[in-house]
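*Asks:* A structural model of the following input is requested.
(one chain, ligands or ions: 1)
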Amino acid sequence: MVAGFLLARAGIKVTVLEKHNDFFRDFRGDTIHPSTLQLMYELGLLEEFLRLPHQEYRQLSGRIGDFTVIVADFTHLKTHCKFIALMPQWDFLNFLAAHGKRYPEFTLMMETEATELIEEDGRVVGVRAKSPHGPIEIRARLTIGADGRHSIVRERAGFQVIDRGAPIDVLWMRISRERTDPDQTLGRFREGKLMVTLDRDDYWQCAYIIPKGGFDAIKQRGLERFREDIVTVVPEFKDRVGELKEWEQIKLLSVAVDHLRQWCRPGLLCIGDSAHAMSPIGGVGINLAIQDAVATANIIAEPMIRQELFLEHLQAVQHRREFPTRVIQLFQVFAHKRFVGAALRTTVPLKKLPPPLAVLEKFPYLRRLPAWFIGVGVRPEHVHTTDPHVTAHSGASI
Ligand SMILES: Cc1cc2nc3c(=O)[nH]c(=O)nc-3n(C[C@H](O)[C@H](O)[C@H](O)COP(=O)(O)OP(=O)(O)OC[C@H]3O[C@@H](n4cnc5c(N)ncnc54)[C@H](O)[C@@H]3O)c2cc1C
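*Replies:* Numbering: from 1, shown residues only. Below you'll find the model as predicted:
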């Protein structure tokens, strides 16, 4: 959506396909990072964007056993907004879609699922898709695969996937929220149980981390035991964990960390999770996907307008974005092994904070480092594409 919006704004005809008929998917992360807010600022959309309901987190904190610890402090970032905004991702996507539709070059086709690539003379020239009106073909000079971690585009293109391995899965569920609940605590850990709670106003969107493939064993122990586990890690939920009455209310989300060896072929480019599936650890996958989209628009818009888009331009996108991806995936794989895996194996109550967290407690200025890593990341991108729709006289955009 971000790539589509930026390219249409630059005057390039774009069709965005979304296989669902809305963006109301529970499995999306809710984090709008300072770098994305910076992007909104650069596009002149920030003020309007921040009018949408959201919460602003200037710090991220976690509850580790009986300790509450601040792990990231965004207030020193060199960005316009010194906070992370928590907003359901469907609001963000609807916002972008509404602004995209103001450009005649932008078409969004909902309920339209890409199923096959169309190839001619070794070049991808578009996609076949299922639509509410039957099968369709969409021809394009460039097809961008931004279809997430189960990407059909990467699979049909035959791209080689390097699997970095992810030893965790996530159970995703809702538990109602009371006005008196403590807020702004995202991560909670106690005796082998790890849970992230996202404030969605009248309910908590909860992510309960389990060892990969561990859901069947959890089911066998029974729902009552699972509810007890939840209360162990979030005691405030004692009075309402009974809302979880059947396993259908609990969705299993498989976590993957991988990347493509090649992100592109003539006529085709993969970005975001389609090029590099990210784990939820660190809450950085959305940021990375958006930054890929900005870099893509920056690199390909001019050549596309000149009708001189070559494979080298697509390779330049991979070249620019591969380094930040690798750095973050290295961190995620390390965190899986060193912290999350160890945390899930812990059976005894913690008597003291683990060393990295103890250091953050002792030296608060070090919290700026995780804030930068999560909020901005390696090699942040800025909007370099222009908007030819802006009239020279009024300076107003259509
Ligand atoms: C449980 C979990 C929690 C996470 N939480 C966070 C978080 O809090 N913060 C964070 O930064 N990252 C988080 N991540 C990582 C993050 O979700 C991804 O890195 C990010 O969403 C990637 O964005 P994307 O646009 O590439 O793909 P996606 O967000 O997956 O979007 C792909 C889109 O393509 C559509 N689509 C798929 N196939 C087709 C098709 N064939 N035709 C048409 N449309 C199609 C999908 O419906 C979807 O709308 C989490 C990951 C998991 C697994």
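*Asks:* residues contacting E191?
*Replies:* By C-beta atoms under 8 Å, 6 or more residues apart in numbering, the contact set of E191 is G65, T232, V233, T346, T347, V348, P349. Every residue, glycine included, has its C-beta placed from N, CA and C.
*Asks:* tell me, what residue is most central in this structure?
*Replies:* Nearest residue to the geometric centre of the chain (C-alpha atoms, centre = their mean): I286, 2.4 Å.
*Asks:* need the max-distance pair from the contacts of E191.
*Replies:* Farthest-apart pair in those is V233 and V348; separation 14.7 Å (C-beta to C-beta).
*Asks:* those two: which has the busier surroundings?
*Replies:* The neighbour count for V233 versus V348, taken as other C-beta atoms under 10 Å, is higher for V233 (20 against 8).
*Asks:* could you pull out the strands for the stretch 201-350 of the chain?
*Replies:* For the stretch 201-350 of the chain, strands defined by DSSP state E, counting those that start in this stretch occupy the ranges 203-211, 251-254, 258-260, 264-265, 268-270.
*Asks:* A98 and Q55, how far apart?
*Replies:* 22 Å (C-beta to C-beta, to the nearest Å).
*Asks:* now do the buried residues in the longest helix along the chain.
*Replies:* Scanning the chain for the helix with the most residues, using DSSP state H, yields helix 311-335. Across helix 311-335, burial judged by 16 or more other C-beta atoms under 10 Å covers 313-314, 316-318, 320-321, 324-325, 328-329, 331-333.
*Asks:* out of the residues you listed, which is nearest to L260?
*Replies:* The closest of those, once distances to L260 are taken by C-beta to C-beta, is Q318, at 8.4 Å.
*Asks:* wait, what's in contact with the closest one?
*Replies:* Contacts of Q318 (C-beta under 8 Å, 6+ apart): Q262, W263, C264, L269, A275.
*Asks:* which of the residues you listed sits closest to the ligand?
*Replies:* A275 (8.0 Å; C-beta to the nearest ligand atom).
*Asks:* quick one: contacts for the closest residue to that closest one other than its chain neighbours?
*Replies:* Nearest residue to A275, sequence neighbours excluded (C-beta to C-beta, 6 or more residues apart in numbering): W263, at 4.6 Å. Counting by C-beta under 8 Å, 6+ apart, W263 makes contact with F159, L269, C270, I271, A275, L314, V317, Q318, R321, E322.
*Asks:* how about those residues in JSON lines, adding pLDDT?
*Replies:* Shown next, in JSON lines, are those (pLDDT from 0 to 100):
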{"residue": "F159", "pLDDT": "98"}
{"residue": "L269", "pLDDT": "98"}
{"residue": "C270", "pLDDT": "98"}
{"residue": "I271", "pLDDT": "98"}
{"residue": "A275", "pLDDT": "98"}
{"residue": "L314", "pLDDT": "98"}
{"residue": "V317", "pLDDT": "98"}
{"residue": "Q318", "pLDDT": "98"}
{"residue": "R321", "pLDDT": "98"}
{"residue": "E322", "pLDDT": "97"}
